[in-house]
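K.L.:
what follows is a predicted protein model with its sequence.
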Amino acid sequence: MFCERQCALIHVEQQWQEDVATIEGKHLHDSAHDVGTESRGNLRIARGLALRSLQLGLSGKTDVVEFHQLSAGEPESSGVVLPGVSGRWRPYPVEYKRGRRRDELSYKVQVCAQALCLEEMLGVTVPEGALFYGKTARRQVVVFDEALRRTIAAAAERLHELFRQGKTPDAVYVKNKCRQCSLLDICLPRQVASPRNVDAYLARMASTDAPSAHLGEGEGK
């Protein structure tokens, strides 16, 4: 959702490069991924849960999934049974982000995709979750509406198409977005996205006085 070319560089070509933002983000996620559970009254917290959706063809790991105990009168079908705990509990995924709150569709897609995995695995509807921003220690509630769910289905299909093609999409240079990307020096979007620069470079090289090798008849084909 952030960038198809970045996605293919990482997952198809298996390329990666760290920067300050990715390292800080890794530290934040490592703390959230400490496997284990925690109890706080009517709240149970699970960290580092492995997720999968056979329907979407996705797998991953959560930062945090909260389980909120259902109140009296709520339908039991909206909650799940937890081992060794009485009552029923509603799953609520929380994705951690290192910076400040911003309206980023890819963030909402990520936490909603986790909810779709939970729904498929647990057989229960997950109506909303949250994004937690490390800089401000504040949450942003995300409602998992039909439009967001359709966006995820389309994105998952496009992801599998990239794998089937085994081809990295062409670069499209977007100044602010590209400057945020740790793969900038691998992607080289300004150079790759400007074939005219390459043509001009080759034209300059061809016009130099450097000697060229003579190819006889039939050679160089």
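P.N.:
Great, that's in hand. Numbering: from 1, shown residues only.
K.L.:
can you tell me the closest non-neighbouring residue to the most centrally placed residue in the chain?
P.N.:
Nearest residue to the geometric centre of the chain (C-alpha atoms, centre = their mean): Q110, 5.8 Å. Using C-beta to C-beta, 6 or more residues apart in numbering and skipping the chain neighbours, the partner closest in space to Q110 is E95 (5.7 Å). Bear in mind the C-beta positions are built from the backbone N, C-alpha and C, glycine included.
K.L.:
quick one: the one you found and D63 touch, right?
P.N.:
Yes. Contact criterion C-beta atoms under 8 Å: E95 and D63 qualify, at 5.5 Å.
K.L.:
spell out the secondary structure type for the residue nearest to the centre of the chain.
P.N.:
Classification of Q110 using DSSP: H, G, I helix; E, B strand; the rest coil returns helix.
K.L.:
mind listing the helices for the protein?
P.N.:
Taking DSSP state H, the helices of the chain run over residues 4-11, 20-32, 105-122, 146-165, 175-180, 184-187, 189-192, 195-206.
K.L.:
just name the most buried of these.
P.N.:
Ranked by mean neighbour count, the helices of the chain are led by helix 105-122 with a mean of 20 (mean count of other C-beta atoms under 10 Å).
K.L.:
okay, stretch 162-176 in CSV with CA atoms only?
P.N.:
Output of stretch 162-176 as CSV, limited to C-alpha atoms (Å, rounded to 0.1, in the frame of the first residue of the first chain):
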residue,chain,number,x,y,z
LEU,A,162,3.6,-9.4,-8.1
PHE,A,163,4.8,-12.7,-6.8
ARG,A,164,3.4,-14.6,-9.9
GLN,A,165,5.0,-12.1,-12.2
GLY,A,166,8.3,-12.1,-10.3
LYS,A,167,8.9,-8.6,-11.7
THR,A,168,9.7,-5.4,-9.8
PRO,A,169,7.4,-2.5,-10.9
ASP,A,170,9.0,0.6,-12.5
ALA,A,171,10.0,3.4,-10.2
VAL,A,172,7.8,6.5,-9.7
TYR,A,173,9.6,9.2,-7.9
VAL,A,174,7.5,11.0,-5.3
LYS,A,175,9.7,13.4,-3.3
ASN,A,176,8.3,13.1,0.2
